[in-house]
Each structure stands twice: as C-alpha cells, then as structure tokens.
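Student: fold the following, please.
(one chain, ligands or ions: 1)
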Amino acid sequence: AIELKTLLGSTGMVTLDPGFGNTAACRSEITYIDGDAGILRYRGYPIEQLAEGATFAEVCHLLVHGELPTPEQLDELTARLRDNAAIPAGLRDLIAAFPVEAHPMASLSGAVNMLAAFHADACDPADPAQVDEATIRLLAQLPTVAAQIHRRATGQDVVEPDPSLGYVENFLNMTFGPTEGGVDPLLVRAMDLLFILHADHELNCSTATVRVVGSSQADLFASIAAGVNALSGPLHGGANQAVLEMLEGIQRVDGDVDSFIKKVKDRESKTRLMGFGHRVYKNFDPRSKQIKKLAQQILSRQEGEDRLFELALQLEEHALSDQYFVDRKLYPNVDFYTGLIYRAMGFPTNMFTVLFAIGRLPGWIAHWRELRNDPAARIARPRQLYVGPKERAYPGRS
Ligand code: ACO
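Tutor: This is a model prediction of the structure:
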C-alpha cells in the first residue's frame, strides 16, 4: 500500500507518493491504458489491431506524429531510415574500443550519449528541423549501434547496413551477419511485432525519465540516453534478462517450480517471480498474450521441446492459481515470454534489454516531443518531506 501523507508547502498541498503511483505528471494524447480491463491503445488504436496489421515503421510514425502515415509518408520515412542507418565512423571506432565484457546496455548508454556529440547539428531542442533530424537519426541508427555492440561483444567484424533491406531485416542482418537465402521472414515479422508491442507504455520508468530530463531542455539524444539507463534495471526493461536467468536457475535445480514459487511467497527470501506483476495492469497485460502466442509459434519450429518454455508455462499456471498472486493481481507482463523468443532467435541473454530499447525508442521520442510542445510543461522538480535531524550546532574542533 502506498503511504500517502500530506503537508502544506509554500505553494500549496504537497503529497507524499513514493514511486508516483497516484501522481499524474502531464496530460498526454499518446497511449491509453486501462490496467483493470487489460486494454492498451496507441493514439486510440488497439494494440491487437496494430500487432495484426501494422509494421514498426508505421507505428513509429503514428506515435511520433499522432496519425498513421499515408503511403507517401511511409515511403519517405522508410527512405530516410535507410539513408541514415550508417553511424558516424568515429562512433564505430568508439564501439570497437568498448570492453568486450561490457554489458550491452552500458555500451548502448555510452553510444547514445555519443550520438549527441557526433550529431551536434541536430541537438537544438528549440529548432523543429533539428528535432526532426534527431528523431530520424536516432530511429535509423539505434539498431546499427545495437548490432555493432553485439558484434564487438562476440568478437565479430562489423556488418554495415545494407540499403536493399528493410528496417528489421537490416538489423538482424547486421547482428547475425548475412546468411544464405537471407534473413528468415518469420524472424523478421516476429522482431517487428515485438518492437511494436514495446513501442510505448505511457509513463513507465524510462519514459518518465526521458520526460524529466527533457523538462530541463536537454536535447533529445541526452534525454533518450537517460531513458536507456532507466530501462536497464531489472524491475523495468532488465526484467527480460532476469526472467531467462530465473528460468535457467530453476532448471539447474531439476525444474522444481513448486519450491521456487514457495520461495517467492516467503518475504524473507526477497525473491520475485520476474516477468510477473505490473504497476498499472491488474489483469492480463495484453502484450503478454500476443507474445505468448508468438513464443509458441517460434519455439514450435525448434526440434524437441524447449525445457525453459515448459518451465515458464508451469510457472504461469502455478502462479495464476495461487492465492498469493491472485490476491495481489499479479499476471505475466510483457517480459515473461520475450526472452525465450530472443534466445530462440540467437540473441545472448544480455542483449535482451537492448532489443527492448530499440522497440521503446519511438515512444520515448513521442513523449519528449509532446513535452516540448506542451504549454503547461515545467521543469520536473518533485518535493520531499524532510525527515532528517532538526537544526544542530556544529561542535567545532577542540
Ligand atoms: N513476484 C512476487 N511478488 C510480487 C511481484 C513479483 N513479480 N510483483 C509484485 N509483488 C508483490 C509485492 O511483494 C507486493 O506484495 P505486498 O503487498 O505483500 O507487499 C505486491 O505484490 C505489490 O507489489 P509492488 O512492488 O508494490 O508493485 P509495484 O507496482 O511497485 O511494482 C513491478 C511493479 C516493479 C513491475 C513489480 O511487480 C515487480 O518487481 N515485478 C517483477 C519485475 C518485472 O517483471 N518487471 C518488469 C515490469 S514490466 C516493464 O517494466 C517492462
């Protein structure tokens, strides 16, 4: 339960709301969530319909500009993403110098910060043309940066963007290298769908961070880099990595799901069922339903059963019928099944959160732009309730 105390400050009532569970920080037209009913819509379009019919590029346009693109707008966006996909040579060299053992999210954060240094001509937040350039360069280059981070971490040569390939196809090609017959279309569609499902989720921790940083009039690159850092934590985007590690841990102890659930329910153990629970959803996360279907589709192509997927299904079944989870309305969230799909595609576990970042990027950009155009926006500056010592006299030195 949230402790809610009030006091009167010099500017009126101050509420104490740890984690901002009951505090709205802005009005927004981007994403609608009804957490009790399990509804998610981008700009009014139900996520299920977008998942069924749209491409990630269309969703990027929808989130950033408020409307689905016309065919001409989509062609233009596609061309600009393609033409801007190569990253500056200096950044390429920097990524090549990152420690091999660095976590890819640490590398991503560093690289996105460096994008501001390499794109100084697109850093003025007050110039709409520069903001437009920054938007395109970020969307075009984040997958290239991510792929090069992966190549560096796995000791492989860089694969440059291929202008003949689509956005997602190009990303997979740069990550895994060219293969005979090209990138598997099912994997392209799966990745595109996962990006769509991650594209926005109103004021989650990383998006709120992007807005807080943007509220100081920091440029788009700096604000997005902050979002990347917020996303890296295991309670947020880092949960997809944590879920897989949890499943592997359970597998190591002979797949003992009962004992694991017991441990989660024991407060002393401080163990959470990763990939479960959500601040807003108190019902099924509509994204997790789509992702579970996709996991079934991708994993069914593998030979033999996937033991980790079986464990995940068992955990879900146990949790959904267990009073602890029922009472707290804990359901699988977007991250519960994603890791299994990424793993089947060939991504190492520590790259999972980077994939989340590529998907979430248009949402971060849309929120930053909305904030910049909001006449009511002010610098984000929460208050506190001071509970430290009252005034004390410094004893001095004897
Ligand atoms: N496993 C076990 N118990 C849980 C879990 C979980 N995954 N999530 C919440 N609870 C329990 C809490 O212990 C608490 O119990 P209590 O009332 O007896 O003290 C109750 O449910 C409410 O939990 P809070 O932590 O207050 O919920 P909050 O809204 O602050 O946290 C969060 C939401 C961070 C997502 C949480 O559910 C969690 O840690 N989940 C696991 C990590 C995860 O999957 N994160 C990804 C979220 S989705 C995303 O960011 C993309």
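Student: interface residues of the protein facing the ligand?
Tutor: When proximity is defined as CB under 6 Å from any ligand atom, the chain approaches the ligand at 19, 204, 235-237, 239, 264, 272-279, 328, 330, 333-335. Backbone N, C-alpha and C define where each C-beta goes, glycine included.
Student: among those, which ones are buried?
Tutor: Buried members of the residues of the chain next to the ligand, counted by 16 or more other CB atoms under 10 Å: 204, 236-237, 239, 264, 273-278, 330, 333-335.
Student: all strands of the stretch 1-150 of the chain, in order?
Tutor: For the stretch 1-150 of the chain, applying DSSP state E, counting those that start in this stretch gives strands covering 6-9, 12-15, 31-34, 39-42, 45-46.
Student: in TSV, list these along with mean neighbour count and mean pLDDT.
Tutor: As requested, those are exported to TSV (neighbours: other CB atoms under 10 Å; pLDDT from 0 to 100):
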stretch	mean neighbour count	mean pLDDT
strand 6-9	10	59
strand 12-15	11	83
strand 31-34	18	97
strand 39-42	20	97
strand 45-46	15	98
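Student: now the closest residue to the ligand within the chain: how far from Arg328?
Tutor: Residue nearest to the ligand within the chain: Gly277 (2.3 Å; CB to the nearest ligand atom). Using CB to CB, to the nearest Å, Gly277 is found at 7 Å from Arg328.
Student: among the buried ones among the residues of the chain next to the ligand, which ones are in helices?
Tutor: Secondary structure assignment by DSSP state H places 239, 264, 335 of those in helices.
Student: got JSON lines for those, with distance to Gly363 too?
Tutor: Shown next, in JSON lines, are those (distance: CB to CB, whole Å):
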{"residue": "Ala239", "distance to Gly363": "17"}
{"residue": "Val264", "distance to Gly363": "30"}
{"residue": "Asp335", "distance to Gly363": "16"}
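Student: adding pLDDT, write these out as TSV.
Tutor: Formatted as TSV, those follow (pLDDT from 0 to 100):
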residue	pLDDT
Ala239	91
Val264	95
Asp335	89
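Student: okay, the strands of the stretch 1-150 of the chain in TSV with distance to Arg372 next?
Tutor: Converted to TSV, the strands of the stretch 1-150 of the chain look like this (distance: least, CB to CB, whole Å):
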stretch	distance to Arg372
strand 6-9	28
strand 12-15	26
strand 31-34	17
strand 39-42	20
strand 45-46	23
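Student: residue at max distance from the center of this protein?
Tutor: Here the chain reaches farthest from its C-alpha mean at Ser398, the gap being 55.8 Å by CA atoms, centre = their mean.
Student: surely Ile358 and Leu142 touch.
Tutor: Yes - Ile358 lies in contact with Leu142 (CB atoms under 8 Å); the separation is 5.3 Å.
Student: and Ala134, how many neighbours does it have?
Tutor: Neighbour count of Ala134, defined by other CB atoms under 10 Å: 26.
Student: who's in contact with it?
Tutor: Contacts here follow CB atoms under 8 Å, 6 or more residues apart in numbering; on that basis Ala134 touches 119, 122-123, 219-221.
Student: please redo it, this time with the cut-off set to 7 Å
Tutor: By CB atoms under 7 Å, 6 or more residues apart in numbering, the contact list for Ala134 reads 119, 122-123, 220-221.
Student: quick one: contacts for Arg151?
Tutor: Arg151 makes contacts with 157-159, as judged by CB under 7 Å, 6+ apart.
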